[in-house]
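# Can you look at this prediction? I've put the sequence above it.
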Amino acid sequence: MYGNNLKTIPKGVDAEARLEEVRKRVLGKDGPKPGSPEDRLAYLRCEHMLVRFLIARQWNVEKAVEMLSGHYRWLADTKMDALLKDPFPEEAHIKKFYPQAYHGTDKLGRPIYIERPGYIDMPRLLQETSCERILSYVYAQSELQIRRRLPACSLVRGEVVDKSLNIMDLEGLSFRLVTHTTARKVVKDVIGMLQSHYPECSGRMIIVNAPKVFSIAWSFVKPQLDEKTIAKVSIFGSDQREAFEALLLDLVDADQLPKLFGGKCMCDGKDPTSCMRAVKGPWADLEVLKLLEEHPLDEVLTPEGAKLLVRSREAKGANEPSSSAEEKETSPSTPSQGYPQPSEDELASLPVTPLPVRTRSGTLLSEQELAKLAEAEKRVASTLEEFNRLDEVHMRTLTEWVAEFNGLVEDIGRPVIERAQGYYDSRSIWQQVVQEFANQQEVVDKVNSELEVAVQKLSTAEAAFQRFIEGKDDLREEDWQKLEPAEESDLHELQDTDPKLLRMLRVSKLADRVAFQQRQRDAAAAEMAYKRHELEEARRRFEMEDLQHANCTWNCSVKRAAPFYEKRRNHELKVDQQLSQLRNVEHRLQEAREAAAKLTGAEPASPAGSRSNGRSKSRQLDEMSLHSFEIAGGEPAQDEFLSCDEASSDDGRH
């Protein structure tokens, strides 16, 4: 028993005795099946594992044993041993249309998990994989967190690390995703899996860029979470970037935090999203991995075992990690590096010190300036009123959809809607790809047009230069300027002293431009070829789906679910239009506030009207209330989700 686990022991409870009782139970009939892969893994019955489940069940022995027994059965049922050996060939596809990554560590040595649900494209994701394979991939990654990432972080830290820092970026979250039946099923299954099989593994959840449409998702998710998990959630709107960046930089060193969230890390040096595709963290350190191979988990995840790497490096006489130069730069601060290591509780308890508002101290505004200020403040007030009015309409639209959603599901039947999802997804992808193909054709046409102009200019310039060499300088300077404007310095220096060199320079620049345009044309053509293939594939998939339903009767799930998907599409268009209006008004509101602030010399307020001190360490720093993201009726229904096999259409067809 060690660390913060001691804080979880109820008063008057003999924790050691209860731990020993649980250990005896799981070593017997309540443990893994004898001879199974789970039975051979000592970690599954070690102190660290048992304590996590005891904490999750408030140190109740019976409930903890029941939970552990269920976990052992689940590991066997999901064939976890085989999943961990599965190379998941569809991983690149999953990560492309379901962006998530484990990237670096925070100041407490915890692994950072990042997910970007706003960029999930569920219809395209399901084109190359299935709901079951997505879940299997998530299961395997969750188990790897226990078996590799947390132990690796513990070795680098020199103390047991058994929780993660989670960043959930909701930028781009759409109405289409939060009402997608398969997406809701995946979310429900993943939450249930984490709650039942990986308790006490989440240290903190920071939700950023939350749009109002998140209300539907949060109302669905919240009832599935326990109170301890909810208490770890901090949420920031899309207009609170300064606030959430400040909080994240309090928790994470800048070189570990992706630039996407206010840090300095760009794993490929140029693309901010490259961190979502990179492997960065102690779990990629060869020295750490070697130790994990040599020592079992039940040894590593103890106070003494976590010091194996520190002792190994001390024995080698090294003061710093012996990994690669890149890993040295990106590895988290360890006690041996001399950095103070505040606990999470200490970070949360530090006070907020607001920034002082800067004004024209001692300077009175003139009547003209006061009039301008009054007008500016009036514009702020009217724009804010407009924003609040649109926001109220937007929230009413979301609330109305939840009520309508529940009514349609009750009338049509959830299994019917779920069975029809594939058809409507394929139709949606087909329509989307048709538009993308048309857009790419416009790009190709534009590039070809620009290349044609560039080639014509080069041809004209080359012919004129040839005549110049022959002593026939028949192209005027203004004509050369139209072909390729010379820089002012070149024009002054070379026009009179060396006109030949000036013309050569212009011809060279035109040739470079042609070469650049040719590369652009080739890239656009390659993308066009890909889009054409994608278009043909989308058409083929839709035609196959459509063919399956060509001879269906009125009882076909596609026909019966049509009102649901038509209504969802109409709401999606309405929500997108409202969000566009809100963004425009929000932009005008910020401009109005900046104009008003400029008149007084004060710092402009953020779009939400909040102020941040830049690096406040308060847990409540400009957080939004979770209650503001709850919609009545948005919680999951009791029958969500039945399998398609549990209820069929009346005639046994589609």
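Perfect, thanks for sending it. Owing to the predicted nature of the structure, the values given are computational and were not obtained by experimental measurement.
# helices or strands next to the helix or strand harbouring Leu573 in the packing?
Assigned by DSSP states H and E, Leu573 belongs to helix 557-600. On a contact count with 3 or more C-beta pairs under 8 Å, 6 or more residues apart in numbering; DSSP states H and E, helix 557-600 meets helix 175-178, helix 367-412, helix 414-469. Where C-beta positions appear, they are placed from N, C-alpha and C, glycine not excepted.
# can you tell me the average pLDDT over it?
Per-region confidence: helix 557-600 scores 89 on mean pLDDT.
# can you check stretch 78-95 too?
Rounded mean pLDDT across stretch 78-95 is 95.
# Pull the distance from it to the chain's centre.
In this view, stretch 78-95 has its centroid 20 Å away from the chain centroid, taken as C-alpha atoms, centre = their mean, to the nearest Å.
# Include mean neighbour count, mean pLDDT and distance to Pro32 when you put the helices and strands packed on helix 557-600 into TSV, please.
Output for the helices and strands packed on helix 557-600, formatted as TSV (neighbours: other C-beta atoms under 10 Å; pLDDT from 0 to 100; distance: least, C-beta to C-beta, whole Å):
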stretch	mean neighbour count	mean pLDDT	distance to Pro32
helix 175-178	23	85	38
helix 367-412	15	90	39
helix 414-469	17	92	34
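# quick one: stretch 368-381 to chain centroid distance?
For stretch 368-381, the distance to the chain centre is 40 Å (C-alpha atoms, centre = their mean).
# let me redo that: stretch 98-108
10 Å.
# Okay, Asp30 and Asp268: tell me how far apart.
49 Å (C-beta to C-beta, to the nearest Å).
# if you count what's nearby, which of those two comes out ahead?
Set Asp30 next to Asp268 and count neighbours by other C-beta atoms under 10 Å: Asp30 wins out with 14 against 11.
# ok, the more buried one - contacts?
Shown in contact with Asp30 (C-beta atoms under 8 Å, 6 or more residues apart in numbering): Val65, Leu68, Ser69.
# Show me the one in those that has more neighbours than the rest.
The member of the contacts of Asp30 that has the most neighbours, counting by other C-beta under 10 Å, is Leu68 with 26 neighbours.
# Does the nearest residue to that residue once chain neighbours are set aside lie in a helix or a strand, and which?
Excluding the flanking residues, the one nearest Leu68 by C-beta to C-beta, 6 or more residues apart in numbering is Phe53, at 5.1 Å. Using DSSP H and E, Phe53 sits within helix 47-56.
# tell me which residues of the next helix or strand after that helix are tucked away?
Note on helix 47-56: by DSSP H and E, the next helix or strand toward the C-terminus is helix 61-77. Applying a neighbour-count criterion of 16 or more other C-beta atoms under 10 Å, the buried positions in helix 61-77 are Val61, Ala64, Val65, Met67, Leu68, Ser69, His71, Tyr72, Leu75, Ala76.
# Name the surrounding residues that touch stretch 518-527.
Contacts for stretch 518-527 (C-beta under 8 Å, 6+ apart): Gln440, Val443, Val444, Val447, Asn448, Glu450, Leu451.
# switch to 7 Å and redo it
Gln440, Val443, Val444, Val447, Asn448, Leu451 (C-beta atoms under 7 Å, 6 or more residues apart in numbering).
# How far off centre is stretch 501-513?
46 Å.
# buried ones in that stretch?
Leu502, Arg503, Leu505, Arg506, Val507, Lys509, Leu510, Arg513.
# I'd like the average pLDDT over that stretch.
Computed over stretch 501-513, the average pLDDT equals 87.
# Ok, stretch 263-273 next?
93.
# what's the span of that stretch, first residue to last?
12 Å (C-alpha to C-alpha, to the nearest Å).
# circling back: for the contacts of stretch 518-527, which one is nearest Leu535?
If you rank the contacts of stretch 518-527 by distance to Leu535 using C-beta to C-beta, Gln440 comes first, at 9.6 Å.
# Could you pull up the residues touching the closest one?
Counted by C-beta under 7 Å, 6+ apart, Gln440 has contacts Glu527, Met528, Lys531.
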